[in-house]
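A.B. asks: This is the structure alone, sequence omitted:
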Ligand SMILES: O=C(O)CCC(=O)C(=O)O
Ligand SMILES: [Fe+2]
């Protein structure tokens, strides 16, 4: 399931993150790649452990926690500390699938990547190209969103970033280990949750809300790992 989530960041949060990133040191993006991805990856990334990256990453995590659509779509158990990348001068990221397991920086724990996320930090008219293209069984989906908007998609998907031929594309990207590992189960839970929310808005007194909410939680009880 691919979900686009608008307005994850306010204009103020966005400006603060962009200012932090402008002041930070950027390095070759291959510092965090697996071997296959490294062959495909041509971009820059914020230096790992940089104080600006840490501060900007914490702002992204706060925004995620406040976003009910992200919680409903990803059902996050653990979120990898957000990373930041930049493509310019024809840079791109060829076809790849994200590594399944990643060590969590600064700890001896690991995360299974179930859900991948790109949070766009530039407006689409600031650069040409740079579409994130995600394959699924229904074909290829090209995603290029306004600054502050985000896309989440299954980490099992083949995906790529088209060459940026003008300007620069800056984004935050990260992975979540979901409480529900299977994308099909997560999709059903997302549909059910969104329908309950919509019913709640149109018929707040409906007794069916209680029954459907019970079904939702009982499915989570069956399918989740925490
Ligand atoms: O830049 C993006 O939108 C995606 C980056 C990506 O696919 C990755 O780093 O694995
Ligand atoms: Fe990727």
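C.D. replies: Sure thing, it's come through. Here the structure is a predicted model, which means the values were calculated and not measured. Ligands and ions are numbered 1, 2, ... in the order given.

A.B. asks: and whichever strand or helix holds residue 63, how far out from the chain's middle?
C.D. replies: Per DSSP states H and E: residue 63 is located in helix 51-65. Relative to the centre of its chain, helix 51-65 is centred 13 Å away, using C-alpha atoms, centre = their mean, to the nearest Å.

A.B. asks: in that helix, what counts as buried?
C.D. replies: Using 16 or more other C-beta atoms under 10 Å as the test for burial, helix 51-65 gives 52-53, 56-57, 59-60, 63-64. Where C-beta positions appear, they are placed from N, C-alpha and C, glycine not excepted.

A.B. asks: which one of those residues is nearest residue 90?
C.D. replies: residue 53 (24.5 Å; C-beta to C-beta).

A.B. asks: Report the contact partners of the closest residue to that closest one other than its chain neighbours.
C.D. replies: Excluding its sequence neighbours, the residue lying closest to residue 53 (C-beta to C-beta, 6 or more residues apart in numbering) is residue 46, at 4.2 Å. Each residue near residue 46 by C-beta atoms under 8 Å, 6 or more residues apart in numbering is listed here: 21, 24-27, 52-53, 56, 83-85.

A.B. asks: From residue 223, how far off is residue 46?
C.D. replies: As judged by C-beta to C-beta, to the nearest Å, residue 46 and residue 223 stand 35 Å apart.

A.B. asks: and what of residue 179?
C.D. replies: With C-beta to C-beta as the criterion, residue 179 and residue 223 are 8 Å apart.

A.B. asks: Quick check on residue 41: phi, psi?
C.D. replies: phi -100, psi 120 (degrees, to the nearest 10).

A.B. asks: Any regions of this structure where pLDDT drops low?
C.D. replies: 32-34 (pLDDT under 70).

A.B. asks: run the last query once more with 90
C.D. replies: Of all residues in the chain, those with pLDDT under 90 make up the ranges 30-40, 48-49, 106.

A.B. asks: before we move on, back to that, widest-spaced pair of the contacts of residue 46?
C.D. replies: Between any two of the contacts of residue 46 (C-beta to C-beta), the greatest distance is 15.5 Å, for 27 and 56.
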